[in-house]
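Enquirer: Mind looking at a prediction? Sequence and model below.
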Amino acid sequence: MSRQRQEADQESLDLPNWLRPYVIVAMLVAVMWIVELVDLLPGTNFDHWGIRPRSAAGLVGIVTAPFLHAGFGHLIGNTIPFLVLGGLIASSGIGRYAQVTVIVAVVSGVGTWLVGPANTDHIGASGLVFGYLTYLVARGFYERKLTYLAVAVVVVLLYGGVLWGIVPRDGISW
């Protein structure tokens with residue numbers, strides 16, 4: 001095969017630059033779904049890899065918890081806002097999306113590890129969803145650009161209801 005043909009084949013496999021950030025968000029969601037499907041297999045109990053407050057072993061959950069869910073209802077509840085809010089952030093680029101995701105995951109994970117009830121496992125991508133929501137609203141006010149403010153208003157109207165998740169309830173990490 002000629003060198004030009006190989007380069008042409010490689011270019012046809014590349015994603016357009018504008019699509020790459022959205023593919024990364026979708027890939028993270030795909031990993032969440034795959035993990036939940038594998039967790040259905042007998043002998044697998046991934047949920048114990050969640051955040052276990054004030055336990056050294058529970059620190060690993062800061063990284064793993066967003067990929068673990070308490071069933072498909074929980075996963076579906078996180079999937080749609082994760083895709084929408086993550087996609088909005090990703091529209092600013094892969095670097096911005098990665099930066100926001102890492103900061104939100106660490107802050108929400110460490111916060112849960114510090115204040116969560118002892119002897120519990122905290123799982124799910126809700127920390128990321130709340131962090132994404134907070135970031136988008138804060139960015140709208142900070143940037144003071146009409147577009148960002150409009151996005152912030154729409155996000156609050158569409159996903160402001162998830163803020164009820166911060167109200168303490170039995171069995172729900174807040």
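Expert: All right, it came through fine. Quantities reported herein were computed from a predicted structural model and do not represent experimental measurements.
Enquirer: if I pick the residue sitting nearest the centre point of the chain, what's in contact with it?
Expert: Nearest residue to the geometric centre of the chain (C-alpha atoms, centre = their mean): L128, 4.3 Å. By C-beta atoms under 8 Å, 6 or more residues apart in numbering, L128 lies in contact with 66, 82, 86, 101, 104-105, 108. Where C-beta positions appear, they are placed from N, C-alpha and C, glycine not excepted.
Enquirer: any idea of the mean pLDDT in the helix or strand harbouring it?
Expert: Using DSSP states H and E, L128 sits within helix 126-143. For helix 126-143, the mean per-residue pLDDT is 89.
Enquirer: Output the lowest mean pLDDT helix or strand found in the protein.
Expert: Every helix and strand of the chain was ranked by mean pLDDT, DSSP states H and E. The lowest is helix 3-13, at a mean of 55.
Enquirer: any residues touching the helix or strand following it, and which ones?
Expert: Moving toward the C-terminus from helix 3-13, the next helix or strand (DSSP H and E) is helix 20-38. With contact meaning C-beta under 8 Å, 6+ apart, helix 20-38 is reached by 15, 44, 46, 66-69, 71-72, 75, 78-79, 82-83, 86-87, 90-94, 97, 125.
Enquirer: Show the average pLDDT along helix 20-38.
Expert: The average pLDDT for helix 20-38 rounds to 96.
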